[in-house]
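Chemist: heads up, no residue letters with this:
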């Protein structure tokens with residue numbers, strides 16, 4: 001009986017921790033709230049476009065919410081790789097001579113594993 005109680009507390013704690021972090025859906029819903037703030041999230045590289053000295057990534061989370069990420073090259077990631085992105089959300093950035101809006105200027109893009117329970121929340 002005690003183990004079931006501990007498991008319930010662990011699951012509730014994990015749900016609260018996940019709910020506090022700004023994920024891709026929250027960034028897309030109210031980007032002005034997060035402008036010029038450091039954000040961090042995990043997602044899958046769904047598309048990737050390389051330019052001289054930089055790369056534009058489209059990152060999708062487990063529920064296929066997407067956000068654009070601008071990073072310096074070279075990166076050790078490929079399409080369908082899961083990555084952890086940490087960077088600053090900016091209102092606009094120049095990528096390949098074009099202006100892109102609501103983009104994350106990545107400070108780090110590191111490979112990671114896919115979430116265990118992708119469709120739980």
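Modeler: Yep, it's here. Bear in mind that the values here come from a model prediction, so they are computed numbers and not experimental data.

Chemist: quick one, what contacts residue 77?
Modeler: Residue 77 makes contacts with 45, 48, 57, 83, 109, 111, as judged by C-beta atoms under 8 Å, 6 or more residues apart in numbering. Quick note: C-beta positions are derived from backbone N, CA and C, even for glycine.

Chemist: What confidence value was assigned to it?
Modeler: Looking at residue 77, its pLDDT reads 94.

Chemist: Need the three-state assignment for it.
Modeler: Put simply, residue 77 is coil when judged by DSSP: H, G, I helix; E, B strand; the rest coil.

Chemist: in a helix, that's where residue 43 is, yeah?
Modeler: No - the assignment for residue 43, made by three-state DSSP, is strand rather than a helix.

Chemist: For the nearest residue in space to it that is not next to it in sequence, which residues are in contact?
Modeler: Take residue 43 and drop its neighbours on the chain: the residue closest to it by C-beta to C-beta, 6 or more residues apart in numbering is residue 59, 3.8 Å away. Residues near residue 59 by C-beta under 8 Å, 6+ apart: 24, 41, 43-46, 66-69, 83, 85.

Chemist: Among the contacts of residue 77, name the ones in strands.
Modeler: Members of the contacts of residue 77 lying in strands (criterion: DSSP state E): 45, 48, 57, 83, 109, 111.

Chemist: Mind putting the residues you listed into a markdown table with distance to residue 101?
Modeler: Shown next, in a markdown table, are these (distance: C-beta to C-beta, whole Å):
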| residue | distance to residue 101 |
| --- | --- |
| 45 | 20 |
| 48 | 19 |
| 57 | 16 |
| 83 | 22 |
| 109 | 20 |
| 111 | 27 |
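
Chemist: Kind regards, and thank you for your time.
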